[in-house]
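K.L.:
When you get a sec, could you give me coordinates for this:
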Amino acid sequence: MQRSGSWVAVVGMLAAGVLGGCDASSDDPTTAPTPSPSVSSTSASPSPTPTPSVTASGPDIPAAARAQTPAGAEAYMKYFFDQFNVAYTEPRAGLIKSMGTTACEFCSKSEVRAVELVEGKQRYAQAPVRLGEAKSFGGAPKNEQYVHIEFTQVAATIVDSSGRKVSQVAEANAGANAALTWSDGRWFVRGIEKG
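P.N.:
Prediction:
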């Protein structure tokens, strides 16, 4: 089955294909930050991040993504999508859930998709998301950070345990805004929505 389309609500595709669902709480305006062109931003490092091991409590977060700084939040978003790809290509349940808050609808829907892949003995044959940039911007409440991300939903094939094609996801480019919360000495994704 061919899936196509632009990123409807930043993630209608994930729930249905790749990017599991958009966080859009109408009663929470901070979930939908709007970048200001006057706010300075820093680009996340384009260098690849190795996939760290996962501990019983969740992923082993790289040092750059553990800093409570705008650059640390940018690095965390890169790491988040690296782990998102692991969850869909291995597949692995619990990984996405460990990286977001319980209020993160995007994380919850993406986790549901990872669980479906595990239970259905299916996986993505290619990493489904390629992050292009992550730039922090101001306006977030204390202990939070907003990050604008640009990424590509990569054309990917979903295969069963024997490697047989089950479905196909079309390529699409998207931009989104993420809200991260600093808690217990680390970042968590609170929400991601179309930006």
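K.L.:
quick one: low-confidence parts of this structure?
P.N.:
For the chain, the stretches flagged by pLDDT under 70 are 1-59.
K.L.:
Helices along that one, start to end?
P.N.:
12-16, 70-89, 105-119 (DSSP state H).
K.L.:
Count the neighbours of Trp182 for me.
P.N.:
17 (other Cβ atoms under 10 Å). (Glycine included, C-beta is placed from N, CA and C.)
K.L.:
and it, what are its bridge partners?
P.N.:
Trp182 forms beta bridges with Trp187, as assigned by DSSP bridges.
K.L.:
check contacts around it.
P.N.:
Each residue near Trp182 by Cβ atoms under 8 Å, 6 or more residues apart in numbering is listed here: 68, 143-145, 188.
K.L.:
Out of the residues you listed, grab the one that's most surrounded.
P.N.:
Neighbour counts for the contacts of Trp182 peak at Gln145, which has 27 neighbours (criterion: other Cβ under 10 Å).
K.L.:
Would you mind confirming that it is in contact with Ala134?
P.N.:
No - applying Cβ atoms under 8 Å as the test, Gln145 and Ala134 come out as separate, 10.6 Å apart.
K.L.:
out of the helices of the chain, nearest to Phe151?
P.N.:
Smallest distance to Phe151 across the helices of the chain (Cβ to Cβ): 6.9 Å, for helix 70-89.
K.L.:
Now do that closest one against helix 105-119, angle only.
P.N.:
30 degrees (axes from the mean of the first three to the mean of the last three Cα atoms, to 10 degrees).
K.L.:
mind saving the C-alpha coords of helix 70-89 as CSV?
P.N.:
Backbone C-alpha positions of helix 70-89 (Å, rounded to 0.1, in the frame of the first residue of the first chain) are rendered in CSV as follows:
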residue,chain,number,x,y,z
PRO,A,70,19.6,25.4,24.3
ALA,A,71,22.4,23.4,22.6
GLY,A,72,21.7,20.5,24.9
ALA,A,73,18.0,20.6,23.9
GLU,A,74,19.0,20.6,20.2
ALA,A,75,21.3,17.6,20.8
TYR,A,76,18.5,15.8,22.6
MET,A,77,16.1,16.3,19.7
LYS,A,78,18.7,14.7,17.4
TYR,A,79,19.1,11.9,19.8
PHE,A,80,15.3,11.5,20.1
PHE,A,81,15.0,10.9,16.4
ASP,A,82,18.0,8.6,16.3
GLN,A,83,16.2,6.5,18.9
PHE,A,84,12.9,6.9,17.1
ASN,A,85,14.6,5.2,14.1
VAL,A,86,15.9,2.4,16.3
ALA,A,87,12.4,1.8,17.7
TYR,A,88,10.9,1.4,14.2
THR,A,89,13.8,-0.5,12.5
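K.L.:
What residues sit buried inside that helix?
P.N.:
For helix 70-89, a neighbour-count test (16 or more other Cβ atoms under 10 Å) marks 70-89 as buried.
K.L.:
Fine by me, thanks again.
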